[in-house]
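A.B. asks: Could you work out the structure for the sequence below:
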Amino acid sequence: RSFVEPPVDLPSYTSPLVGFPKYSSEEPRRKRYHDHELLRITSSKPVSLLRLAVLDSYSGIAWDATSGGSGPAGTAFQRVGSTLPQAPTRNLVEATITVGPAYAEIPELAPWVPSLGQSKRISFSGDNARSHARNFRYNLATGQGLVADSLRSGDVVQETGVQLDLIGDGPLVSGGTPLLRDGESDTISNALDKLVTKTDAGPGEQLRQAMASLAQGYYSDGTKPAELKYHSGHDLFRLATFLNDKALVGSDEHYAATLGLVAARLGFPSRVVFGAVVPTDGVVHG
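C.D. replies: Okay, the predicted model is just below:
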């Protein structure tokens, strides 16, 4: 028994989406990371998006990472080497990602290994490279990696992979088995009446209508003095309040969490990706 390593204890990891307000530039009374450098990336080809954490399960309280199956939480995060199975072979990009002090000190971010999308190879360099290699786990279903010993300031992640395609203009075809409980499904079903105008349309068209409706909403992370009523959180009650208000007002947290549930309600297996747009200089701030 002393030689058997238990699976990753995913329930002990806080969803990074819950802490979204800390990236705001408002309210100086609390620690904010809006102007702090999180990551620095250089790559062989231009990179537009960076994935930090893939959240593929909704508990009614938060979007979290899951085991990816019916086994205990964390069993889908397997111990692997630096070269990953089921790896892409075309349009590969080589990237070097340096972890900043701010990323390392945020407890809900530090365990997650940032990536381009789908990885062929991930390795580490720096003082903690050997420890990270021993603690590296990877979910083949979501393409998400984590290190149980958490990334630290100055650590370097070297990745070879590809960026995932964005949704095009073609038809959206549902498939797979979306996981959505009855309570969540009922809440989102009521919201579809507000977000979708053509209820007799197919699932793909309804999803595009919902996306267009959400895009007409307003932005607030609830940190400005006049906007404190738009508080954070994406539990079912908070999302119901968000959707039933006279106008849609919320942050990335609310819009992403809602769209993920709407897609699942319409038959599309969905994930919420906590990530960043990469500036031209490759320096990602909060």
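A.B. asks: all helices of the stretch 51-200 of the chain, in order?
C.D. replies: 101-105, 129-135, 182-195 (DSSP state H, counting those that start in this stretch).
A.B. asks: Out of the ones you listed, which one sits most buried?
C.D. replies: Greatest average neighbour count among the helices of the stretch 51-200 of the chain goes to helix 101-105 (a mean of 18), per mean count of other Cβ atoms under 10 Å. Any C-beta I mention is one placed from the backbone N, CA and C, and that applies to glycine too.
A.B. asks: if we can go back for a sec, which stretch among the helices of the stretch 51-200 of the chain comes nearest E227?
C.D. replies: Proximity to E227 (Cβ to Cβ) singles out helix 182-195 among these, at 21.5 Å.
A.B. asks: Would you mind putting the CA coordinates of the closest one into PDB?
C.D. replies: Extracted C-alpha coordinates of helix 182-195, given in PDB (Å, rounded to 0.1, in the frame of the first residue of the first chain):
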ATOM      1  CA  ASP A 182     -32.800  18.100 -13.400                       C
ATOM      2  CA  GLY A 183     -32.600  21.300 -11.300                       C
ATOM      3  CA  GLU A 184     -30.000  22.800 -13.600                       C
ATOM      4  CA  SER A 185     -32.000  21.800 -16.700                       C
ATOM      5  CA  ASP A 186     -35.200  23.300 -15.400                       C
ATOM      6  CA  THR A 187     -33.500  26.600 -14.600                       C
ATOM      7  CA  ILE A 188     -31.900  26.800 -18.000                       C
ATOM      8  CA  SER A 189     -35.000  25.700 -19.800                       C
ATOM      9  CA  ASN A 190     -36.800  28.700 -18.400                       C
ATOM     10  CA  ALA A 191     -34.000  31.000 -19.500                       C
ATOM     11  CA  LEU A 192     -34.200  29.700 -23.100                       C
ATOM     12  CA  ASP A 193     -37.500  31.400 -23.500                       C
ATOM     13  CA  LYS A 194     -35.700  34.700 -22.900                       C
ATOM     14  CA  LEU A 195     -32.600  33.900 -25.000                       C
END
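A.B. asks: who touches it?
C.D. replies: 58, 60, 180, 199, 206, 209-210, 213-214, 236, 239-240, 243-244, 258, 261-262, 264-266 (Cβ atoms under 8 Å, 6 or more residues apart in numbering).
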